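> Structural data only, the sequence is not supplied:
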């Protein structure tokens, strides 16, 4: 694969800007543009908290659209996601 994962995600968001991206079961749907806005907000939070590229970020929560956004934000920021299953 000659394209980085971050570039692939960026291109997908741009190409599908107005399309549905993530949906919660029996809940709200989010467009790619809404997901992009949330990713940018999380990037700003990571920066304000002093998170550096390569550092680990723990992700705890139920399966949801917000969990997916958090995952995408973490990997596109350059940090390492450490998902923790809430059942444990």
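Received it, and whenever you're ready, just let me know what you need. Keep in mind the model is a prediction, meaning the values are calculated, not measured.

> Residue 48 and residue 42, how far apart?
11 Å (C-beta to C-beta, to the nearest Å). Every residue, glycine included, has its C-beta placed from N, CA and C.

> the more surrounded of the two?
Set side by side, residue 48 and residue 42 give different neighbour counts by other C-beta atoms under 10 Å, the larger being at residue 42 (19 against 8).

> So which bits of whatever helix or strand that one lives in are buried?
With secondary structure defined by DSSP states H and E, residue 42 is part of helix 32-48. Buried residues in helix 32-48, counted by 16 or more other C-beta atoms under 10 Å: 32, 34, 35, 36, 38, 39, 42, 43, 46.

> and if you look at stretch 62-71?
Of the residues in stretch 62-71, 65, 67, 68, 69, 70 count as buried by neighbour count, 16+ other C-beta under 10 Å.

> Tell me the one of the residues you listed nearest residue 13?
When those are ranked by distance to residue 13 (C-beta to C-beta), residue 69 comes first, at 11.5 Å.

> distance of the closest one from residue 46?
For residue 69, the distance to residue 46 under the criterion C-beta to C-beta works out to 13 Å.

> try residue 71
Relative to residue 46, and taking C-beta to C-beta, residue 71 is found at 13 Å.

> List phi and psi for the most centrally placed residue in the chain.
Residue closest to the mean C-alpha point of the chain, counted by C-alpha atoms, centre = their mean, is residue 72 at 2.3 Å. Torsion angles at residue 72 (phi, psi; degrees, to the nearest 10) stand at phi -60, psi -40.

> Now it: closest residue in space that isn't a chain neighbour?
Nearest non-adjacent residue to residue 72, counting by C-beta to C-beta, 6 or more residues apart in numbering: residue 39, 5.8 Å away.

> Strands of this structure, residue ranges please.
Residue ranges of the strands in the chain, as given by DSSP state E, are 20-23, 29-31, 56-60, 80-84.

> Switch these over to JSON lines; also include mean pLDDT, distance to residue 8 and mean neighbour count.
Supplementary listing: the strands of the chain in JSON lines, determined by pLDDT from 0 to 100; distance: least, C-beta to C-beta, whole Å; neighbours: other C-beta atoms under 10 Å:
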{"stretch": "strand 20-23", "mean pLDDT": "96", "distance to residue 8": "14", "mean neighbour count": "16"}
{"stretch": "strand 29-31", "mean pLDDT": "96", "distance to residue 8": "18", "mean neighbour count": "16"}
{"stretch": "strand 56-60", "mean pLDDT": "96", "distance to residue 8": "20", "mean neighbour count": "13"}
{"stretch": "strand 80-84", "mean pLDDT": "95", "distance to residue 8": "16", "mean neighbour count": "12"}
